[in-house]
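Undergrad: dropping the sequence and predicted coords here.
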Amino acid sequence: MSARSQSRFRPLMADGIRTARLMLAATGERAAQEEFDQAVLDLQPGEDKRRFCRTRELIAESLRILSPDGYVLRQVSSGSDDPGIALRNMIDGSSEKLAAAVLATNPHTA
């Protein structure tokens with residue numbers, strides 16, 4: 001895979017990490033936030049697709065703590081948007097960007 005096609009995943013990783021950090025910060029879950037930050041720092045350098053997949057796993061693992069019952073996200077501080085909607089928007093946006101990156105990498109899959 002070319003460096004150009006691999007680099008399409010870098011903005012997706014950065015966006016996902018930023019959004020996950022914001023959501024963790026909104027909950028006040030300082031320990032989870034610190035664990036997530038350390039896991040991101042510990043990501044091994046290498047092929048962007050592999051790092052991207054591992055980043056998405058880290059995000060999913062970290063955000064699971066926001067759902068005590070596994071279905072509904074607990075409310076965050078008053079005045080904040082519904083965390084379920086925020087999470088849904090994050091997932092939808094990430095999925096759309098991922099699909100665009102994959103299609104741009106391999107236009108023959110369309």
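TA: It's in. Residues are numbered from 1 along each chain as shown.
Undergrad: so what's the residue nearest the centre of the chain up against?
TA: Centroid-nearest residue in the chain: Gly16, 3.2 Å away (criterion: Cα atoms, centre = their mean). Going by Cβ atoms under 8 Å, 6 or more residues apart in numbering, Gly16 touches 55-56, 59, 90, 94. (C-beta placed from N, C-alpha, C; glycine too.)
Undergrad: please report the distance of it from Arg56.
TA: 7 Å (Cβ to Cβ, to the nearest Å).
Undergrad: ok, now Ala31?
TA: 21 Å.
Undergrad: looking at the two, which is more packed in?
TA: Counting neighbours by other Cβ atoms under 10 Å for Ala31 and for Arg56 shows that Arg56 has the greater number, 16 against 9.
Undergrad: can you check which residues contact both of Gly16 and Arg56?
TA: Ser94.
Undergrad: all helices of this structure, in order?
TA: For the chain, helices defined by DSSP state H occupy the ranges 3-6, 9-27, 30-41, 48-63, 83-105.
Undergrad: quick one: closest of the ones you listed to Gly70.
TA: helix 48-63 (11.6 Å; Cβ to Cβ).
Undergrad: CA atoms of the closest one as PDB?
TA: Extracted as PDB, the C-alpha positions of helix 48-63 are listed here (Å, rounded to 0.1, in the frame of the first residue of the first chain):
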ATOM      1  CA  ASP A  48      -1.600   3.200   9.300                       C
ATOM      2  CA  LYS A  49      -4.400   0.600   8.700                       C
ATOM      3  CA  ARG A  50      -3.300  -1.500  11.600                       C
ATOM      4  CA  ARG A  51      -2.900   1.500  13.900                       C
ATOM      5  CA  PHE A  52      -6.300   2.800  12.800                       C
ATOM      6  CA  CYS A  53      -7.900  -0.500  13.700                       C
ATOM      7  CA  ARG A  54      -6.200  -0.600  17.100                       C
ATOM      8  CA  THR A  55      -7.200   3.000  17.700                       C
ATOM      9  CA  ARG A  56     -10.800   2.200  17.000                       C
ATOM     10  CA  GLU A  57     -10.600  -0.800  19.500                       C
ATOM     11  CA  LEU A  58      -9.100   1.600  22.100                       C
ATOM     12  CA  ILE A  59     -11.900   4.100  21.600                       C
ATOM     13  CA  ALA A  60     -14.600   1.400  21.900                       C
ATOM     14  CA  GLU A  61     -13.000  -0.100  25.000                       C
ATOM     15  CA  SER A  62     -12.700   3.300  26.600                       C
ATOM     16  CA  LEU A  63     -16.200   4.400  25.800                       C
END
